[in-house]
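*Asks:* predicted model follows, preceded by the sequence.
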Amino acid sequence: MRPISRGATSVVTGAAGFLGSHLTDALLARGHKVIGIDNFVTGSVDNIAHLGGNPNFKFIQQDITEFIFLDVPVNYVWHFASPASPVDYLELPIQTLKVGSLGTHKALGLAKNKNARLLLASTSEIYGDPLVHPQTEDYWGNVNSIGPRGCYDEAKRFGEAMAMAYRRQHGVETRIVRIFNTYGPRMRLHDGRVVPAFISQALKQKPLTVFGRGRQTRSFCYVSDLIEGIYRLMMSSCEQPVNIGNPAEMTVLEFAKEIIRATGSRSKIAFKPLPQDDPRQRRPDISRARKLLHWEPKVALAEGLARTIEYFRRKTSA
Ligand code: NAD
Ligand code: UDP
């Protein structure tokens, strides 16, 4: 299939979520028609309200673990539906397993039926608590299948295996992106992820809850960078998984201090117990994305945080 843009029809599962809604905006801006599907389990109508009345956007409220029926041709399926915050998937372990397995199966079935290309939103979590650092795509991971994060990690690993099986058995064109921690406007204030948690605490002058001693590391990618990388991957001929994320790594304690500085807050730091199986270090090796997609992140942390803090300020004062 030759990549097309203007006039293409894209299906975005999880379109009312943080990433799905930004992806939808980016696709519409590039001339796609978009059919968004979401059941609002962790998403919000606020994220897509601005698209009401747009003739190129259609929304279907549906659980994608159920059969997806569409009576129009489809070129691309972007499969983003899944709880993504550890707090969300710990509360919704069975839905998380179902959307990652049955939902991915349905999305692949749709792609097969429509002869469409499918991109699976996978995750750095498939590397678990990694023993290889930074993480390259050929590392198989270190996941505790029976631990609390197993519902998410294993569902995503199953999804990758299912995508490869559809490619091998049915010839479906698949792309797999392994997304590393991404942040930006439209994250839910209370979704429990570290970026909204710290910013909302700092804005309210409350202590920032650093888990453990805060020595675990993460690297944070601004949403516009991530969406650009994902778009390039879908339009590329790359059939192997590709890490997309920002390689600038920092400890969670350093990140908390950065948030206090960026918000100008008087908040202090409160150390809380480290959740079980919290990965100790995480940083993407993005050599493959650089080489095959000519992609690398452009938005510096200070700039991305300024935009995100501005969004949360408006949300908290609304
Ligand atoms: P999000 O929770 O904001 O969005 C997920 C969306 O999927 C929500 O709108 C939710 O309602 C919807 N959804 C969940 N189950 C569904 C179902 N059964 N049927 C229909 N809709 C359903 O999370 P996000 O951060 O936007 O993550 C989007 C995708 O990217 C997820 O697949 C996630 O695993 C992946 N990802 C995100 C990150 C990140 O840092 N944001 C990192 C790695 C992977
Ligand atoms: N974290 C924290 N305080 C919080 C929320 C998260 O210290 O209030 C830590 C968490 O333990 C992890 C890191 O921040 O080490 C990133 O957590 P997040 O939930 O954003 O996603 P993860 O990368 O663990 O999937």
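*Replies:* Yes, it's here. Ligands and ions are numbered 1, 2, ... in the order given.

*Asks:* which ones are touching the residue of the chain most remote from its centre?
*Replies:* Most distant residue from the mean C-alpha position of the chain: residue 266, 31.0 Å away (C-alpha atoms, centre = their mean). Shown in contact with residue 266 (C-beta atoms under 8 Å, 6 or more residues apart in numbering): residue 205. To be clear about C-beta, it is placed using only N, CA and C from the backbone, and glycine gets the same treatment.

*Asks:* distance of it from residue 306?
*Replies:* Separation of residue 266 from residue 306 (C-beta to C-beta, to the nearest Å): 19 Å.

*Asks:* would you mark the buried spots in stretch 251-266?
*Replies:* Neighbour-count burial for stretch 251-266, counted by 16 or more other C-beta atoms under 10 Å, picks out 251, 252, 253, 255, 256, 257, 258, 259, 260, 262, 263, 265.

*Asks:* for the residues you listed, give me a markdown table that also has distance to ligand 2.
*Replies:* Shown next, in a markdown table, are these (distance: C-beta to the nearest ligand atom, whole Å):
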| residue | distance to ligand 2 |
| --- | --- |
| 251 | 9 |
| 252 | 5 |
| 253 | 8 |
| 255 | 7 |
| 256 | 7 |
| 257 | 12 |
| 258 | 13 |
| 259 | 11 |
| 260 | 13 |
| 262 | 16 |
| 263 | 15 |
| 265 | 15 |
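
*Asks:* out of those residues, list just those in strands.
*Replies:* residue 251 (DSSP state E).

*Asks:* I'd like the buried residues of stretch 251-266 as JSON lines, with pLDDT and distance to residue 206 appended.
*Replies:* Below are those laid out as JSON lines (pLDDT from 0 to 100; distance: C-beta to C-beta, whole Å):
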{"residue": "251", "pLDDT": "98", "distance to residue 206": "21"}
{"residue": "252", "pLDDT": "98", "distance to residue 206": "17"}
{"residue": "253", "pLDDT": "98", "distance to residue 206": "17"}
{"residue": "255", "pLDDT": "98", "distance to residue 206": "16"}
{"residue": "256", "pLDDT": "98", "distance to residue 206": "12"}
{"residue": "257", "pLDDT": "98", "distance to residue 206": "16"}
{"residue": "258", "pLDDT": "98", "distance to residue 206": "17"}
{"residue": "259", "pLDDT": "98", "distance to residue 206": "12"}
{"residue": "260", "pLDDT": "98", "distance to residue 206": "11"}
{"residue": "262", "pLDDT": "97", "distance to residue 206": "16"}
{"residue": "263", "pLDDT": "97", "distance to residue 206": "12"}
{"residue": "265", "pLDDT": "97", "distance to residue 206": "9"}
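
*Asks:* closest to residue 245 out of the buried residues of stretch 251-266?
*Replies:* The nearest member of those to residue 245, counting by C-beta to C-beta, is residue 255 at 14.7 Å.

*Asks:* could I get the average pLDDT for the longest helix along the chain?
*Replies:* Using DSSP state H to define each element, the chain has its longest helix at helix 150-170. Helix 150-170 comes out with an average pLDDT of 98.

*Asks:* let the chain start at 33 from now.
*Replies:* Right, with 33 as the first residue, what we last looked at is helix 182-202.

*Asks:* got the buried residues for it?
*Replies:* Buried-residue list, helix 182-202, by 16+ other C-beta under 10 Å: 182-192, 194-196, 198-199.

*Asks:* and if you look at stretch 340-350?
*Replies:* Buried-residue list, stretch 340-350, by 16+ other C-beta under 10 Å: 340, 341, 343, 344, 347.

*Asks:* for the nearest residue to the first one once chain neighbours are set aside, give me its contacts.
*Replies:* If you skip the residues right next to it in sequence, residue 340 has residue 216 as its closest partner in space, 5.5 Å away by C-beta to C-beta, 6 or more residues apart in numbering. By C-beta under 8 Å, 6+ apart, residue 216 lies in contact with 50, 54, 254, 255, 256, 336, 339, 340, 343.
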